[in-house]
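> Need the 3D shape of this:
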Amino acid sequence: MNSLIKLELTRALRNRRFLFFSVIYPAVIFLLVSNQSGNVGGSGLSVAKYVMVSMASFGALTAVLMGNSERIAKEREGGWVRQLRLTTLPGRGYVLAKTAGAAVISLPSIVVVFLVAAAVKDVRLDAWQWLALTGAIWAGSLVFAALGVAIGYLASGDAVRPITMIVYFGLSILGGLWMPSSTFPDWLQDIAKWLPTHAYAALGRAIEQSQAPHAQDIAVLVAFFFLFAGGAAWLYRKDTLKA
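Numbering: from 1, shown residues only. As a prediction, this is how the structure comes out:
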């Protein structure tokens, strides 16, 4: 399984388009959006701090969701997954390797946004906050890595991209990563509170405010992780039976 993880990392690092959209693109959006002064809504956070967490979360989401789903769907159609089944690698090893490889790639997405925020926008936090933010956003990305695996086994090679894009933009926008969910109508805010992306960003903002994460946000992320991971495992077994 370690060899497969190394292979996944090598392939991702060689994909320049993937690196741009998962690492550089979120930092560029951060610079464009964080020029405003003042605080965001009733959060008490400056625009730069608020957007920093949003774009770090968005970058990690891009890395684990977009990379996993399309690659797995294409590998299934190309016969690569079928060949792996002939080796000693267990099914759970393939799923874990995909999830772990995507999670490692998400780390640069987070760190680059933080470095740009600190160097260009003079965002200042305590050392423990930087470490806690990095750990929380990185760990939270595992939820969406599992979703990427599930979509990869759900969709065909031709259908995987539009399905992934709909899920990707839907979760990003409705979860409040592109704009504060407080600007939504009341009924849409009620929906957003139960989305994993909303809970994901809320963890980081709680750390910025030196507060403990809300129990609801943690519960939402845990529930969605088991839902997505369970769905990925079921779809993998179903795909194995068809082969």
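> these two touch, right, residue 154 and residue 235?
Yes. At 5.7 Å, residue 154 and residue 235 qualify as touching, with contact defined as C-beta atoms under 8 Å. Quick note: C-beta positions are derived from backbone N, CA and C, even for glycine.
> what's the neighbour count on the closest residue to residue 160 other than its chain neighbours?
Using C-beta to C-beta, 6 or more residues apart in numbering and skipping residues adjacent in sequence, the residue nearest residue 160 is residue 73, 3.8 Å away. Residue 73: 24 surrounding residues under other C-beta atoms under 10 Å.
> quick one: pLDDT of residue 73?
pLDDT for residue 73: 78.
> 7 is where my numbering starts, stick with that
Sure, I'll start counting at 7 from here, so that last one is residue 79.
> How far off centre is the helix or strand containing it?
For residue 79, the element it lies in under DSSP states H and E is helix 73-84. Counting by C-alpha atoms, centre = their mean, to the nearest Å, helix 73-84 is centred 17 Å from the centre of its parent chain.
> Okay, buried residues for that helix please.
73, 74, 75, 76, 77, 78, 79, 81, 82 (16 or more other C-beta atoms under 10 Å).
> Could I get the pLDDT score of the fourth one?
The predicted structure scores residue 76 at 77 on the pLDDT scale.
> From residue 160, how far out is it?
Taking C-beta to C-beta, to the nearest Å as the measure, residue 76 falls 12 Å from residue 160.
> again with the first one
Residue 73 sits 16 Å away from residue 160, going by C-beta to C-beta.
> count of residues packed around residue 223?
Neighbour number of residue 223 under other C-beta under 10 Å is 20.
> Tell me who's in contact with the residue nearest to it when sequence neighbours are not counted.
Spatial nearest neighbour of residue 223, excluding adjacent residues (C-beta to C-beta, 6+ apart): residue 205 at 3.8 Å. By C-beta atoms under 8 Å, 6 or more residues apart in numbering, residue 205 lies in contact with 222, 223, 224, 226, 227.
> Which ones among those lie within strands?
Of these, none are assigned to strands by DSSP state E.
> between those, which is closest to residue 46?
residue 223 (17.5 Å; C-beta to C-beta).
> contacting residues for the closest one?
Counted by C-beta under 8 Å, 6+ apart, residue 223 has contacts 204, 205, 208, 209, 212.
> Quick check: chain neighbours aside, which residue is closest to the residue nearest in space to the middle of the chain?
Centrality entry for the chain: nearest residue to the mean C-alpha point is residue 67, 2.1 Å, by C-alpha atoms, centre = their mean. Sequence neighbours aside, residue 150 is the residue nearest to residue 67 in space, at 5.2 Å (criterion: C-beta to C-beta, 6+ apart).
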